[in-house]
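Asker: here is a sequence with its predicted model. Questions after.
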Amino acid sequence: MYPTVKLSQQLLNTPLGGYGFDNSAMERNLAFNELALKNGDKECKTNITSTGTTIVASVFKDGVIVGADARSTMGNLVSVKNAIKLHRITDLIYAAGAGCKSDLEKVTAMMGTEMELFELNNEGKKARVMMAGRRLRQYLFQYQGHVTAYLLVCGVDATGAYLFEVSASGGGFLKPFSADGSGCLCAIAELENGFKPDMTEDECRKLVCKAVEAGMHGDDMSGNAYNIAIFTKNGKKMEGPFVPAFSKRSELEGKYIFEPGTTTVLKTKEIQKDVEPCGNFVTPMET
């Protein structure tokens with residue numbers, strides 16, 4: 001069994017807490033590896049899990065727009081090319097998700113049921129975006145990141161349009177724009193460069209599409225296509241899938257089919273074998 005973090009820090013005399021620009025973290029990992037080898041274990045490595053997604057959202061003057069790519073991955077394998085990462089909570093509240101697909105679907109479905117029960121118990125009073133975000137935070141905080149669900153909760157309620165970012169550890173922030181997933185660095189750069197208060201719907205739509213495409217272009221785990229959802233006080237609009245030019249398959253310039261006889265056959269050999277039947281494999285049906 002590996003020693004605790006506290007014991008390793010005592011051995012290495014590294015500071016508790018805070019971020020440093022020295023190599024204390026590297027020395028700590030090397031010490032863990034050395035202790036593991038002494039105990040007869042294999043090399044101790046820290047596995048890094050990629051969320052493999054680009055999700056983007058931004059508010060504008062009359063609502064909020066959220067977008068997500070459509071590539072679902074399993075390690076280095078592209079498992080689904082047309083995945084829907086915009087999960088319904090209520091008719092006017094959706095959550096774009098990055099992380100484990102099964103966790104995201106179960107968490108958002110559970111939250112949708114809870115919001116529906118709230119509306120039924122309160123004589124049809126509509127659930128609010130902040131309510132859904134708060135309940136997601138409370139649920140995910142219990143599991144301290146072991147439920148891999150990173151969410152951008154977007155929607156419109158009686159008080160306005162909101163974007164609420166929720167992390168898998170239970171943290172939450174109300175933001176004017178945000179991006180998450182493995183392609184978020186390229187996406188957030190476009191958002192920070194192009195966002196401005198009180199944008200029109202068309203301006204916000206172009207910005208979100210540009211940010212999602214930037215994330216898809218800069219991240220191998222994001223791609224294929226993307227979908228967006230637009231929320232206003234008049235309702236929601238789902239658009240997509242959109243396929244950027246860099247995601248389209250290029251056409252072959254020529255035909256690479258060789259005619260028979262192009263390759264010279266140097267030698268042939270035929271072997272004849274007698275094959276006997278192994279019996280009747282058809283079982284008669286009982287009548």
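Answerer: Okay, I see it.

Asker: doesn't Gly215 make contact with Ala189?
Answerer: No: the criterion here is CB atoms under 8 Å, and Ala189 misses it with Gly215 at 9.4 Å. (C-beta placed from N, C-alpha, C; glycine too.)

Asker: more crowded one of those two?
Answerer: Of the pair Ala189 and Gly215, Gly215 is the one with more neighbours under other CB atoms under 10 Å, namely 32 against 15.

Asker: pLDDT score assigned to Asp219?
Answerer: We have a pLDDT of 90 for Asp219.

Asker: who touches the closest residue to it other than its chain neighbours in this structure?
Answerer: Counting by CB to CB, 6 or more residues apart in numbering, Gly183 is the residue found nearest to Asp219 once chain neighbours are left out, at 3.4 Å. Counting by CB atoms under 8 Å, 6 or more residues apart in numbering, Gly183 touches 53-54, 69, 214-216, 218-219, 221-222.

Asker: by neighbours, which of the residues you listed wins?
Answerer: Ranking the contacts of Gly183 using other CB under 10 Å puts Thr54 first, with 34 neighbours.

Asker: so how far is Ala95 from that residue?
Answerer: 15 Å (CB to CB, to the nearest Å).

Asker: secondary structure class of the closest residue in space to Ala179 that isn't next to it in sequence, three-state.
Answerer: Nearest residue to Ala179, sequence neighbours excluded (CB to CB, 6+ apart): Ala187, at 3.9 Å. Classification of Ala187 by DSSP: H, G, I helix; E, B strand; the rest coil places it in helix.

Asker: quick check: Ala187 touching His217?
Answerer: No: using CB under 8 Å, Ala187 makes no contact with His217, being 9.9 Å away.

Asker: hey, where'd the strands end up in the stretch 1-150 of the chain?
Answerer: Secondary structure of the stretch 1-150 of the chain (DSSP state E, counting those that start in this stretch): strands at 55-60, 63-69, 72-74, 77-80, 86-90, 93-99, 149-157.

Asker: likewise the stretch 151-287 of the chain?
Answerer: 160-166, 172-174, 177-180, 226-232, 235-242.
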